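S.K.: build me a model from this:
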Amino acid sequence: MDIKPVTRKSVTVALLWWLLYSAVIVLIVRWSNGGFSPVFLWGAGIILGFGLLVDLLAYRARIHRAPGLEIITYGARSQGSLTLDVPVAEVPPLVEAACRDSMELGLRQLGPDGGMIDTGPSFSAWGERIRFAVQSDHENGSRLLATCRPRFSVAVVNWGRTDRLMREFLSGVQQAAASQSVTLPQPMS
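M.R.: Predicted coordinates for the structure are as follows:
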């Protein structure tokens, strides 16, 4: 499965869509009122200014690293990679186990080369979509690449929800792999 990487360009596109969305809302309000009142203009200016300030903070990359794990987050978009010491064919059951153990991660599609996970809506978001791909990394190892993006594509900031979901997903797979390696019978000599 091919996944699009999360970059500053994707955050810029989301920011432009957010500005267009905001402009359409302002025009609809103007059309319904028949004109702009000074209070409305001040309120819209303050809200748009605050929104732009918060959105510009999304350009700063937050990076989380742990052994075998790396997550980079730009605002409401995250991408991560996890290096596993299991063959590629054994990764889908680990993903299933991680999703089964989580209350928020709903496995929607799973194949030998990747899949998709959906999360439900929350108070502050319409939900997120995690896409992941499994690749061969070294002789008996594999690498899990994943991106997490909001379903509502104009969302630029979601207060760390995608970062938290990405950590939950990748660390869940990592824990499932660790528990699998512990429970595997050792070959007799």
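S.K.: please count neighbours and contacts with C-alpha atoms only from this point.
M.R.: Fine.
S.K.: lowest average confidence, helix or strand, in this protein?
M.R.: Lowest by mean pLDDT, DSSP states H and E among the helices and strands of the chain is helix 38-56, with a mean of 75.
S.K.: from the contact counts, what lies against it?
M.R.: helix 8-33 (3 or more CA pairs under 8 Å, 6 or more residues apart in numbering; DSSP states H and E).
S.K.: what's the mean pLDDT across the helix it packs on?
M.R.: For helix 8-33, mean pLDDT is 78.
S.K.: how far off helix 38-56 does that helix point, in degrees?
M.R.: Helix 8-33 and helix 38-56 are oriented at 170 degrees to each other (axes from the mean of the first three to the mean of the last three CA atoms, to 10 degrees).
S.K.: find the nearest non-adjacent residue to residue 85, please.
M.R.: In this structure, residue 85 finds its nearest non-sequential neighbour in residue 141, 4.4 Å apart by CA to CA, 6 or more residues apart in numbering.
S.K.: ok, now residue 129?
M.R.: Closest to residue 129 by CA to CA, 6+ apart is residue 118, at 4.7 Å.
S.K.: give me the contact list for the helix or strand just after the least confident helix or strand of the chain.
M.R.: Counting by DSSP states H and E, the next helix or strand C-terminal to helix 38-56 is strand 62-66. Contacts to strand 62-66, defined as CA atoms under 8 Å, 6 or more residues apart in numbering, come from residues 70, 71, 72, 73, 74.
S.K.: just the closest of the residues you listed to residue 81, please.
M.R.: residue 70 (5.4 Å; CA to CA).
S.K.: quick check: that closest one vs residue 12, distance?
M.R.: Here the criterion is CA to CA, to the nearest Å. By it, residue 70 lies 23 Å from residue 12.
S.K.: do residue 125 as well
M.R.: Residue 125 is 19 Å from residue 12, by CA to CA.
S.K.: same deal with residue 165?
M.R.: Applying CA to CA, the value for residue 165 to residue 12 is 22 Å.
S.K.: same question, residue 18
M.R.: Applying CA to CA, the value for residue 18 to residue 12 is 10 Å.
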